[in-house]
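Undergrad: Here is a sequence together with a model predicted from it:
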Amino acid sequence: MLNISKNPIKTNVDLAGSTSGKLVFHKKYYKYFNRFLIGFSITGFIILFLPWTQNITGRGNVTTLTPDQRPQTIQSQIPGRIEKWYVREGDYVSKGDTILRISEVKSEYFDPNLVERTAQQRDAKSFAVKAYEQKVGAQDLRIKALVEERKLKLEKARNKLIQARLKVEADSIDLEAAKTNLIIAQTKYNRADTLYQDGFVALKNVEDARVKLQETEAKRISQQAKLLASKNEVINAQIEISRINAEYADKISKAESDKFTAQSSQFDTEAQVSKLENEFSNYQIRNSLLYITAPFDGWINKALRGGVGVTFKEGEALVGLMPASVDLAVETFVEPIDLPLMHLGEEVRIQFDGWPAIIFSGWPNVSYGTYGGKVVAVENFISDNGKFRVLLAPDENDHPWPKDIRAGSGAFTMALLEDVPIWFELWRQLNGFPPNYYQPQDNAGKSSKK
């Protein structure tokens, strides 16, 4: 049977006529298996030419399109002590609903009437400002009256100076007349004395002439004294003008000094009023901060600072809040080598954790349980995990995403690229090449137009 011997049995014995010989020597072995191999080879060869959609896979999480719709915590702007809770975890709150009430922990804010007392101080300072304004107005009137009074007194002093100068002129004329009379009286005396020496007139005429001469001399001296007195009056009038100017300059300067002092006090008081108004507004706002309210409609996730009587600092998170109305999105991460293939508007298939799916990565049309998405943002800087972040929004042309998914749940994404034959994809995978680089038609059209 094994053809070991050099004397085979079939040369001596006819085995083909026996039943066993017919079964062994006349049956075609592996007939169906060969047919199966041939059919499988043909089918596999045909499959190699079927279209295959290249894709980029990634893991991500469910998030929201806008930052204000993401889960966030509520902080207190001031330090305080928790006094009362108005909600429980899982409660729905509307915008403006009170979540908890706190109390002050700083001694300078313990006074329950702090706002009213600050308002009283502000009003008192406001009255002081008005008083200083009136004082400034009074000083303005005083300065105006002093200026008018100085003007009138200077006019009076100038008139007196003019009168004194006219009197000096008149006295000068009188002095010249007195000098002329003295010359005439001296001439008459000399004539009378000469005639008396010649014997033509009596001694009485000479004596009368001498008396007249002396009277005329006395009048000249008196008139000269009057002239000097008139000149002194002119000097006194000039001095009076200077005195009036100096006196009223001092009075006006003092009034202006009082005015500026009042203005300085007014400005200082106005600054105090502004400071008190600022404190009043701050105290009012601070009182409103004693009630922590919901900034938007949402659900209470978790009380981060539980209990009553617990103190906290400003900026510490007190409670977590999830917005009620959100526009869901998926953030996924791709390798840096695949980043050039991600474009705005790129179609992506998404599988959410908790939703069963049957996925054929190369044939998205026959996949089951996946949902459509589109790329709306591509991060320009690499993330901490060494990949680039891509934000996906729901595809309005596909069936809507499940209503029960929540922000933070996981997701598996497949970005759909070009269609290539299966043999090409196998060749690419075996060689470790990246997917085909390409530009979407819209972007290519725009670039060609430019």
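TA: Sure thing, it's come through.
Undergrad: And for the residue lying closest to D171 once chain neighbours are set aside, the neighbour number?
TA: With Cβ to Cβ, 6 or more residues apart in numbering as the criterion, D171 has its nearest non-adjacent residue at 4.0 Å, and that residue is L227. From N, CA and C alone the C-beta is placed, and that goes for glycine too. For L227, the neighbour count with other Cβ atoms under 10 Å is 21.
Undergrad: go on, A294?
TA: 19.
Undergrad: again with W401
TA: By the measure other Cβ under 10 Å, the count of residues near W401 is 19.
Undergrad: Helix, strand, or coil at the residue nearest to D171?
TA: helix (DSSP: H, G, I helix; E, B strand; the rest coil).
Undergrad: got the contact list for it?
TA: Applying Cβ atoms under 8 Å, 6 or more residues apart in numbering to L227 gives the contacts V168, D171, S172, D174, L175.
Undergrad: ok but the third one is inside a helix, no?
TA: This points to S172. Yes - checked against three-state DSSP, S172 lies within a helix.
Undergrad: Now for it: which residues touch it?
TA: L227.
Undergrad: What distance do you get for it to T216?
TA: 18 Å (Cβ to Cβ, to the nearest Å).
Undergrad: again with the fourth one
TA: As judged by Cβ to Cβ, D174 and T216 stand 13 Å apart.
Undergrad: With neighbour numbers in mind, choose between those two.
TA: Higher neighbour count among D174 and T216: T216, with 21 against 18, using other Cβ under 10 Å.
Undergrad: what helix or strand is the more buried one on?
TA: helix 203-288 (DSSP states H and E).
Undergrad: for G373, same thing?
TA: With DSSP H and E as criterion, G373 is part of strand 371-378.
Undergrad: Name the strands paired with that strand and say parallel or antiparallel.
TA: Note on strand 371-378: by DSSP bridges, its sheet partners are strand 347-352 (antiparallel), strand 388-394 (antiparallel).
Undergrad: pLDDT on it, on average?
TA: When pLDDT is averaged along strand 371-378, the result is 87.
Undergrad: what's near enough to touch the closest residue to L392 other than its chain neighbours?
TA: Distances taken as Cβ to Cβ, 6+ apart put G373 closest to L392, at 3.9 Å, once the chain neighbours are dropped. Going by Cβ under 8 Å, 6+ apart, G373 touches V330, E347, V348, R349, I350, L392, A393, P394, D395, D398, T413.
Undergrad: Just the buried residues from those residues, in PyMOL please.
TA: Under the burial definition 16 or more other Cβ atoms under 10 Å, those of those that qualify are selected in PyMOL by:
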select buried, resi 330+347+348+349+350+392+393+394+395+413
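Undergrad: May I see the contacts of G373 arranged in TSV, with distance to R305 and pLDDT as well?
TA: Listed next are these as TSV, based on distance: Cβ to Cβ, whole Å; pLDDT from 0 to 100:
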residue	distance to R305	pLDDT
V330	32	90
E347	45	81
V348	40	84
R349	42	83
I350	37	84
L392	35	90
A393	35	90
P394	36	89
D395	41	86
D398	43	82
T413	37	85
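Undergrad: List just the nearest of the contacts of G373 to V87.
TA: Using Cβ to Cβ, the shortest approach to V87 within the contacts of G373 belongs to V330, at 30.4 Å.
Undergrad: Am I right that the closest one sits in a helix?
TA: No - according to three-state DSSP, V330 belongs to no helix; its state is strand.
Undergrad: who's it bridged to?
TA: Counting by DSSP bridges, the residues bridging with V330 are V62, L392.
Undergrad: if I pick it, what's in contact with it?
TA: G60, N61, V62, T63, I350, G373, L391, L392, A411, T413.
Undergrad: at 10 Å instead, please
TA: 58, 60-63, 348, 350, 352, 371, 373, 390-394, 401, 405, 409-413 (Cβ atoms under 10 Å, 6 or more residues apart in numbering).
Undergrad: next one: D208
TA: With Cβ under 10 Å, 6+ apart, D208 has these contacts: K188, Y189, A192, A202.
Undergrad: what does stretch 265-283 contact?
TA: So stretch 265-283 is contacted by 109, 111, 114-136, 286 (Cβ under 10 Å, 6+ apart).
Undergrad: Just give me how far stretch 170-185 sits from the chain centre.
TA: 94 Å (Cα atoms, centre = their mean, to the nearest Å).
Undergrad: I misspoke; the intended subject was stretch 176-195.
TA: Distance of stretch 176-195 from its chain centroid, counting by Cα atoms, centre = their mean, is 105 Å.
Undergrad: same question, stretch 246-262
TA: Put simply, stretch 246-262 sits 46 Å off its chain's centre (Cα atoms, centre = their mean).
Undergrad: repeat for stretch 153-167
TA: 69 Å.
Undergrad: separation between Y132 and R142?
TA: Counting by Cβ to Cβ, the gap from Y132 to R142 is 15 Å.
Undergrad: Neighbour count: the two, which is higher?
TA: Each of Y132 and R142 has its neighbours counted (other Cβ under 10 Å); Y132 has more, 20 against 17.
Undergrad: Give me the three-state assignment for that one.
TA: Y132 ends up helix, using three-state DSSP.
Undergrad: quick one: it and T261 touch, right?
TA: Yes - the pair Y132 and T261 qualifies as a contact (Cβ atoms under 10 Å) at a distance of 9.5 Å.
Undergrad: residue ranges of the helices in the stretch 301-450 of the chain, please?
TA: 422-431, 441-449 (DSSP state H, counting those that start in this stretch).
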